[in-house]
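*Asks:* Sequence and predicted model, in that order:
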Amino acid sequence: MSVTHLSSRELNHDVSRAKKAAQNGPVIITDRGKPSHVLMTYDEFERLTGKPRTLVDALSMPGLSDIDFDLPRVEIAPRGVDLS
């Protein structure tokens with residue numbers, strides 16, 4: 001993924017270039033030298049805004065196997081019933 005920087009003037013002059021660059025990663029649009037907006041594909045936007053995904057998608061995330069997740073076993077004992 002590459003990040004592209006464009007000034008607002010460059011964006012206005014060549015929108016198609018910005019759209020093509022957004023296919024490879026976010027395009028940061030600057031206004032007077034300071035970042036002001038980000039252009040991205042709609043698929044990336046959906047991914048970032050919490051688009052519902054299947055369990056298979058969630059479990060196949062890259063880097064998931066690097067997480068150490070070891071929970072202690074919980075013992076559940078039934079409670080006695082007092083009918084008095």
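*Replies:* Sure, I can see it.
*Asks:* From here on, just use CA atoms for contacts and neighbour counts.
*Replies:* Fine.
*Asks:* and stretch 34-51, which residues are buried?
*Replies:* For stretch 34-51, the neighbour count (16 or more other Cα atoms under 10 Å) marks Leu39, Met40, Thr41 as buried.
*Asks:* what does stretch 24-36 give?
*Replies:* Gly25, Pro26, Val27, Ile28, Ile29, Thr30.
*Asks:* okay, how far is it across it, tip to tip?
*Replies:* Using Cα to Cα, to the nearest Å, the end-to-end distance of stretch 24-36 comes to 20 Å.
*Asks:* tell me the mean pLDDT for that stretch?
*Replies:* Mean pLDDT, stretch 24-36: 94.
*Asks:* in this protein, which spans are strands?
*Replies:* 4-7, 27-31, 34-39 (DSSP state E).
*Asks:* Same list, those, but as CSV with distance to Pro52 please.
*Replies:* Putting the strands of the chain into CSV (distance: least, Cα to Cα, whole Å) gives the following:
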stretch, distance to Pro52
strand 4-7, 28
strand 27-31, 25
strand 34-39, 22
